[in-house]
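[1] my questions concern the predicted model and sequence given below.
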Protein chains: 2
Amino acid sequence: MLTLDTTATMQQQLRSAFSHWVDLSDSQWERLSSVFSARRTAAREFVSQPGDNAHNLYFVVSGLLRFFYISPDGKETNKAFVAENEFAGPLASAALGLPLYFGIQALENTEMLVAPLADFSALYGADPLFERLGRRLAEQQLVRKELRMRSMLEKNARERYLDFVSLNPLLAERIPQYHLASYLGITEVSLSRLKRGIEDGV
Amino acid sequence: MLTLDTTATMQQQLRSAFSHWVDLSDSQWERLSSVFSARRTAAREFVSQPGDNAHNLYFVVSGLLRFFYISPDGKETNKAFVAENEFAGPLASAALGLPLYFGIQALENTEMLVAPLADFSALYGADPLFERLGRRLAEQQLVRKELRMRSMLEKNARERYLDFVSLNPLLAERIPQYHLASYLGITEVSLSRLKRGIEDGV
DNA sequence: AGCCGATCTTAACAAATGATAAGGCGGTTC
DNA sequence: GAACCGCCTTATCATTTGTTAAGATCGGCT
């Protein structure tokens, strides 16, 4: 159970994160923060399932989430990992008005702040600054997807793995190998093989 | 050489395209259209090269452009194809303030309207509607990248090819196979092989 | 007609990755 | 301690994709 004190700390962390994107006055912050509420999830629990009609914007205070697709034949593929101080949300599917097409699972005990995307985007019309915030969040997601897409097109699995570890050394330790393999677009068996080759090569 | 008349037609086409994203008053349209200018490029000509400091937003009036990365060892990889009535621009790299990391080549004789991205984004502060337009363009790019990423992760080359052809039957005819192969993340030899397998299977 | 450049196909072989099955290892639970 | 569970590794074999090289086709140009 969250105490008031804990919630206040989490909100402070959220405000600090937002301040990287836009300058918020106190009243703007008040309005913005009012759409977020705290939520905790234990490791391995599912935060939401594909098909849910719960379009939310997530801010991870502590812990780690994985976002995953499920193909028609039931296979899961990891789309993203989101750790503390990061945002995530279905801006793309919300833009299309589609139901949620991915699921979210906590890989660790996770504290997050959650805003219904409808509430968040309702702010856009209220103040151009929120519109700007929305644009910048979308642009940030664009940057990530762009880099990942390029990596998929230009590099083989071995290079993608080495890049991931070198860019996210701490995160790589926290993600089970079979989830990381799925994120890289290969099987866990193949990743295990790649790692052996890399170690032997040293 | 563009006649006034032709330019007017092109601008009309641009306005119609923008109207899918936001409702523009005449004065808003006037301000917005003032940052665009017409440009023509012959088939096979390069519109810009990686490393250029020319961040532009493109609207293709007629023809076809390909956007491509170049890896350190000089290999080209196609990032996107943009045909008539579509927008494209380095929203991601612009968000990061990075130099342009991809090149653009016309695959057909192409007419386009071009706006320096700095001029376009300068409009954001002038009117929340432009900020909204910017957000929606970013979200649209997000949707495309999302779908493509998912396709790369969940499907093999054969399925990606079939999906592309079935979603873009006309476009597929206009793109040389070796460029399409690069877009799909495989070699032209491999794509040729896949096509044979598909035909034989029929 | 003859040449040439751009595109596509094919073949033969190599390398990368997938599929399946088996087992190991550490931690938790009963 | 025994039985699990989650995770990782290994081996074997099949499939997919890459590499290289050669030739075919088509159009435009001289």
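    Thanks, I have it.
[2] following whatever helix or strand A:G134 lives in, which helix or strand shows up next?
    When secondary structure is defined by DSSP states H and E, A:G134 falls within helix A:128-154. Proceeding C-terminally, helix A:128-154 gives way to helix A:157-167 as the next helix or strand, assigned by DSSP H and E.
[3] what's the average pLDDT for that next one?
    With pLDDT averaged residue by residue, helix A:157-167 scores 97.
[4] dump the C-alpha coordinates for that helix into CSV.
    As requested, the backbone C-alpha atoms of helix A:157-167 are provided in CSV (Å, rounded to 0.1, in the frame of the first residue of the first chain):
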residue,chain,number,x,y,z
ALA,A,157,22.2,-10.8,-34.6
ARG,A,158,25.7,-10.9,-33.2
GLU,A,159,26.3,-7.2,-33.8
ARG,A,160,22.8,-6.3,-32.5
TYR,A,161,23.5,-8.2,-29.3
LEU,A,162,26.9,-6.5,-28.8
ASP,A,163,25.4,-3.1,-29.5
PHE,A,164,22.6,-3.7,-27.0
VAL,A,165,25.0,-4.8,-24.2
SER,A,166,27.4,-2.0,-24.9
LEU,A,167,24.6,0.6,-24.9
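[5] any idea of the angle it forms with helix A:128-154?
    Here helix A:157-167 runs at 140 degrees with respect to helix A:128-154, directions being taken by axes from the mean of the first three to the mean of the last three Cα atoms, to 10 degrees.
[6] how about the next helix or strand after helix A:157-167 against DNA strand C, any contact?
    The C-terminal neighbour of helix A:157-167 among helices and strands, as given by DSSP H and E, is helix A:169-174. No - using Cβ under 7 Å from any atom of the strand, helix A:169-174 stays clear of DNA strand C, coming no nearer than 14.8 Å. C-beta: built from backbone N, CA, C; applies to glycine.
[7] got the contact list for helix A:169-174?
    A:64, A:81, A:83, A:107-108, A:164-165, A:180 (Cβ atoms under 8 Å, 6 or more residues apart in numbering or on different chains).
[8] of these, which belong to strands?
    Counting by DSSP state E, the part of the contacts of helix A:169-174 found in strands is A:64, A:81, A:83.
[9] show me which residues of stretch A:17-31 are buried.
    A:17-18, A:21, A:24, A:28, A:31 (16 or more other Cβ atoms under 10 Å in any protein chain shown).
[10] packing partners for the helix or strand bottoming out on mean pLDDT in chain A?
    Every helix and strand of chain A was ranked by mean pLDDT, DSSP states H and E. The lowest is helix A:91-96, at a mean of 78. For helix A:91-96, the packing partners by 3 or more Cβ pairs under 8 Å, 6 or more residues apart in numbering or on different chains; DSSP states H and E come out as helix A:117-122, helix A:128-154, helix B:128-154.
[11] DNA strand C is nearest to which of those helices?
    With Cβ to the nearest atom of the strand as the measure, helix B:128-154 is the member of those nearest DNA strand C (9.6 Å).
[12] now check that closest one, is it near chain A?
    Yes - for a cut-off given as Cβ under 8 Å from any Cβ of the partner chain, helix B:128-154 has contacts with chain A, namely B:128, B:131-132, B:134-136, B:138-143, B:145-146, B:148-150, B:152-154.
[13] can you report how many residues lie near the closest residue to A:A157 other than its chain neighbours?
    Closest residue to A:A157 apart from its sequence neighbours, by Cβ to Cβ, 6 or more residues apart in numbering or on different chains: A:I186 at 4.7 Å. The burial count assigned to A:I186 is 19, neighbours taken as other Cβ atoms under 10 Å in any protein chain shown.
[14] any idea how far DNA strand C is from A:I186?
    Shown here: A:I186 relative to DNA strand C, a distance of 3 Å by Cβ to the nearest atom of the strand, to the nearest Å.
[15] tell me the buried residues in the least confident helix or strand of chain A?
    Residues A:91-95 are the ones in helix A:91-96 that count as buried (16+ other Cβ under 10 Å).
[16] now stretch A:143-156
    Neighbour-count burial for stretch A:143-156 flags A:143, A:145-146, A:148-154 (criterion: 16+ other Cβ under 10 Å).
[17] again, but for stretch A:6-18
    For stretch A:6-18, a neighbour-count test (16+ other Cβ under 10 Å) marks A:7, A:10-11, A:13-14, A:17-18 as buried.
[18] likewise stretch A:162-175?
    Along stretch A:162-175, these residues count as buried under the neighbour rule (16+ other Cβ under 10 Å): A:164, A:175.
[19] which residues of chain A lie near DNA strand D?
    Counting by Cβ under 7 Å from any atom of the strand, the positions of chain A adjacent to DNA strand D are A:176-178, A:188-189, A:191-193, A:195-196.
[20] low-confidence stretches in chain A?
    A:1-5, A:202 (pLDDT under 70).
[21] near chain B, which residues of it show up?
    Of all the residues in chain A, those in contact range of chain B (Cβ under 8 Å from any Cβ) are A:69, A:71, A:75, A:77, A:79, A:91-93, A:95-96, A:124, A:128, A:131-132, A:134-136, A:138-143, A:145-146, A:148-150, A:152-154, A:182, A:185.
[22] closest to A:F59 out of the buried residues of stretch A:17-31?
    The shortest approach to A:F59 among the buried residues of stretch A:17-31 belongs to A:A17, at 6.5 Å (Cβ to Cβ).
[23] against DNA strand C, how distant is the residue lying closest to that closest one once chain neighbours are set aside?
    Counting by Cβ to Cβ, 6+ apart, A:A17 lies nearest to A:N85, which is 5.5 Å off, once chain neighbours are set aside. Going from A:N85 to DNA strand C by Cβ to the nearest atom of the strand gives 27 Å.
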